[in-house]
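**Student:** This is the structure alone, sequence omitted:
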């Protein structure tokens, strides 16, 4: 089967959408606080997304379980090429290479700090690119795409609902072009359970970003992909956030030395506010997998 990409730009007759997501500057404002600070909160693997718990898992075990869940959902184990959209500090990339035996993995991030951190832990076949997914134009298709915690940043607050959905469709069009026949996408995103005005602290923490509604990723994938799995693990994110806060409190003085008292206090309020949102059901944590239509 030929996996070369002959038209990376998609349909030349379709006008390109204006960029509607978080700017690189907005991403940097949050994620470039420094690895030393985030390691205190997240742990040494720097996994900044909801874990997947089973029984009395500790945080590290639950995060590994989450990585393996998405690898299985995307059918990525032993694949030749896998793309990670919004790769963070590279935990998924390392898991794909070290445990799933994928010979070529590519991670996309808008954070120079994250990209440099990944490059300091090189692996054969592991490539990280500081690039928006809209600008990614490989010459060969991928067998699987995984995206954990990036979908939340694809649109800006206050965007017209129709244009918001068009942006999500643009992402699934991108996945369709990037994947081999019947390739899979495994997606994890926070979503509003119903229309919501948001909160000033969350907007301060994640400027330029808005959350999807639960139904929007499913609607955006219609025509290109078939939804194969869907689960709402908001209770898992509540548990993850409480463990992150516990880690922060255990290293509070050290965290203040790294980023200052005001930043630490704001970050703790963000963790607590987010946990309340998941506990009350205002926000959900979606894990979704899609298969490309033949």
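**Tutor:** Happy to help now that I have it. Bear in mind the structure is a predicted one, so any value in this text is a computation, not a measurement.
**Student:** Name the helix or strand of this structure that has the lowest mean pLDDT.
**Tutor:** For the chain, the helix or strand with the lowest mean confidence is helix 24-31, at a mean of 50 (criterion: mean pLDDT, DSSP states H and E).
**Student:** Any regions of the stretch 151-294 of the chain where pLDDT drops low?
**Tutor:** Low-confidence segments of the stretch 151-294 of the chain (pLDDT under 70): 197-209.
**Student:** sorry, back to before: following element in sequence after the least confident helix or strand of the chain, please.
**Tutor:** Per DSSP states H and E, the first helix or strand lying C-terminal to helix 24-31 is helix 35-42.
**Student:** how distant is that following helix from the center of its chain?
**Tutor:** Computed by CA atoms, centre = their mean, to the nearest Å, the chain-centroid distance of helix 35-42 equals 18 Å.
**Student:** Mind giving me the packing neighbours of it?
**Tutor:** Helix 35-42 makes packing contacts with helix 234-250, helix 252-259 when contacts are defined by 3 or more CB pairs under 8 Å, 6 or more residues apart in numbering; DSSP states H and E. C-beta coordinates here come from the backbone N, C-alpha and C atoms, glycine included.
**Student:** and the longest strand for this structure?
**Tutor:** strand 179-192 (DSSP state E).
**Student:** List the buried residues for it?
**Tutor:** Using 16 or more other CB atoms under 10 Å as the test for burial, strand 179-192 gives 179, 180, 183, 184, 185, 186, 187, 188, 189, 190, 191, 192.
**Student:** So of the residues you listed, which two are at opposite extremes in space?
**Tutor:** Spatially, the most separated pair among the buried residues of strand 179-192 is 180 and 192, at 33.0 Å (CB to CB).
**Student:** need the contact list for residue 288.
**Tutor:** 186, 187, 188, 189, 217, 218, 227, 229, 230 (CB atoms under 8 Å, 6 or more residues apart in numbering).
**Student:** Give the bridge partners for it, please.
**Tutor:** With DSSP bridges as the criterion, residue 288 is bridged to residue 187, residue 230.
**Student:** how far does the longest helix anywhere in the chain sit from the chain's center?
**Tutor:** Ordering each helix of the chain by length in residues (DSSP state H) puts helix 261-280 first. Averaged C-alpha coordinates place helix 261-280 at 19 Å from its chain's average position (CA atoms, centre = their mean).
**Student:** So which bits of that helix are buried?
**Tutor:** 264, 267, 268, 270, 271, 274, 275, 277, 278, 279.
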